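Engineer: Here is a sequence with its predicted model. Questions after.
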Amino acid sequence: MQLAQQQCVHNDDARSPLDESKRKQLMSEQLSHWQFDQDTGAIYRKFKFKNYYHTMAFVNAVAWIANKQAHHPDLEVSYGHCLVRYTTHDAGNSVCLNDLICAAHIDALDNSGNFGPNFQED
């Protein structure tokens, strides 16, 4: 099943870190714009926007997803930029399935075209 079609679950299994091979497989197949930070154990993606308004509209949409999924990212926001970072604190700051599910929901926002030209690799 596609990650973007799943909802976060909040039980012990959901808080279990994904093994590296499963994480790599899901990221390469469904989250190709996301990266894994070996130092922090987080997945992240940098979004770029044409102006502050589009940036903040995107941040508010991410906040809505986070609230709906009850799974919240770390965000770094500046003019025209937003960095979204996910780990699961209950799993020792490791990446769990819920992190990938939320990342996929955020990617669906990017594909909607409602926030201007979003993703540009740095």
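Structural biologist: The structure has been received and is ready for your questions.
Engineer: Can you read off the pLDDT for the residue positioned nearest the centre of the chain?
Structural biologist: The centre of the chain sits closest to residue 103, judged by C-alpha atoms, centre = their mean, with a distance of 2.8 Å. We have a pLDDT of 97 for residue 103.
Engineer: The lengthiest helix in the chain: how far from the chain's middle?
Structural biologist: In the chain, with assignment by DSSP state H, the single longest helix is helix 52-69. Relative to the centre of its chain, helix 52-69 is centred 12 Å away, using C-alpha atoms, centre = their mean, to the nearest Å.
Engineer: list the buried ones in that helix?
Structural biologist: Neighbour counts using 16 or more other C-beta atoms under 10 Å place 54, 55, 57, 58, 59, 61, 62, 65, 66, 69 of helix 52-69 among the buried residues. C-betas here are computed from N, CA, C, even on glycine.
Engineer: Tell me which stretches of this protein form helices.
Structural biologist: Going by DSSP H, the chain shows helices at 20-30, 52-69, 97-112.
Engineer: Was I right to think the residue nearest to the centre of the chain contacts residue 31?
Structural biologist: Yes. Taking C-beta atoms under 8 Å as the definition, residue 103 is a contact partner of residue 31 at 5.3 Å.
Engineer: Any regions of the chain where pLDDT drops low?
Structural biologist: Under the criterion pLDDT under 70, the flagged ranges of the chain are 110-122.
Engineer: burial measure for residue 105, as a count.
Structural biologist: Counted by other C-beta atoms under 10 Å, the residues lying close to residue 105 total 23.
Engineer: give the contact list for the closest residue to it other than its chain neighbours.
Structural biologist: Of all residues not flanking residue 105 in the chain, residue 65 sits nearest, at 4.9 Å (C-beta to C-beta, 6 or more residues apart in numbering). By C-beta atoms under 8 Å, 6 or more residues apart in numbering, the residues touching residue 65 are 102, 105, 106, 109.
Engineer: Repeat that for residue 2.
Structural biologist: Going by C-beta under 8 Å, 6+ apart, the list of residues near residue 2 reads 30, 104.
Engineer: gap between it and residue 51?
Structural biologist: 31 Å (C-beta to C-beta, to the nearest Å).
Engineer: Check residue 67 too.
Structural biologist: 25 Å.
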